[in-house]
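K.L.:
The sequence isn't on hand, but the structure is:
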């Protein structure tokens, strides 16, 4: 049996000049190392799509539903 901890990460990571080509891996590595120091084991990364419906006025003006993808890192540890 495990206890789980999820961390939502931004879909886009901004690169600093001189640090191009490894931004996503470096970003995820920092989060994984931080959580590991707190006793969490990296488990997986998932994409979760969230459907957002327009408000009443926007729907009347023709706005449609939109889907936004979010990325979630899952960590676990024995319960």
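P.N.:
Great, that's in hand. All values derive from a computational prediction rather than experimental measurement.
K.L.:
which secondary structure element contains residue 73?
P.N.:
Under the criterion DSSP states H and E, the helix or strand holding residue 73 is strand 66-78.
K.L.:
ok now the least confident helix or strand in the chain by mean pLDDT, how far from the chain's centre?
P.N.:
Least confident helix or strand of the chain, by mean pLDDT, DSSP states H and E, is helix 56-60 with a mean of 79. The chain centroid and the centroid of helix 56-60 are separated by 29 Å under Cα atoms, centre = their mean, to the nearest Å.
K.L.:
And for it, what's in contact with it?
P.N.:
Contact with helix 56-60 is made by residue 53, as judged by Cβ atoms under 8 Å, 6 or more residues apart in numbering. For glycine as for every other residue, the C-beta is placed from the backbone atoms N, C-alpha and C.
K.L.:
And the helices in the protein, which stretches?
P.N.:
23-37, 56-60 (DSSP state H).
K.L.:
Check which helices and strands the longest one is in contact with.
P.N.:
Contact here means 3 or more Cβ pairs under 8 Å, 6 or more residues apart in numbering; DSSP states H and E; on that basis helix 23-37 packs against strand 2-9, strand 41-52, strand 66-78.
K.L.:
Output those in CSV; the columns should cover mean neighbour count, distance to residue 22 and mean pLDDT.
P.N.:
Converted to CSV, the helices and strands packed on helix 23-37 look like this (neighbours: other Cβ atoms under 10 Å; distance: least, Cβ to Cβ, whole Å; pLDDT from 0 to 100):
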stretch, mean neighbour count, distance to residue 22, mean pLDDT
strand 2-9, 13, 16, 96
strand 41-52, 11, 16, 92
strand 66-78, 13, 17, 93
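K.L.:
Go through those and name the closest to residue 27.
P.N.:
With respect to residue 27, and counting by Cβ to Cβ, the nearest of those is strand 2-9 at 7.2 Å.
K.L.:
Neighbouring strands - and their directions - for the closest one?
P.N.:
Taking DSSP bridges as the criterion, strand 2-9 forms sheet pairs with strand 66-78 (antiparallel).
K.L.:
any idea of the angle the partner strand forms with helix 23-37?
P.N.:
40 degrees (axes from the mean of the first three to the mean of the last three Cα atoms, to 10 degrees).
K.L.:
Off-centre distance for strand 66-78?
P.N.:
Using Cα atoms, centre = their mean, the distance from the centre of strand 66-78 to the centre of the chain it belongs to is 5 Å.
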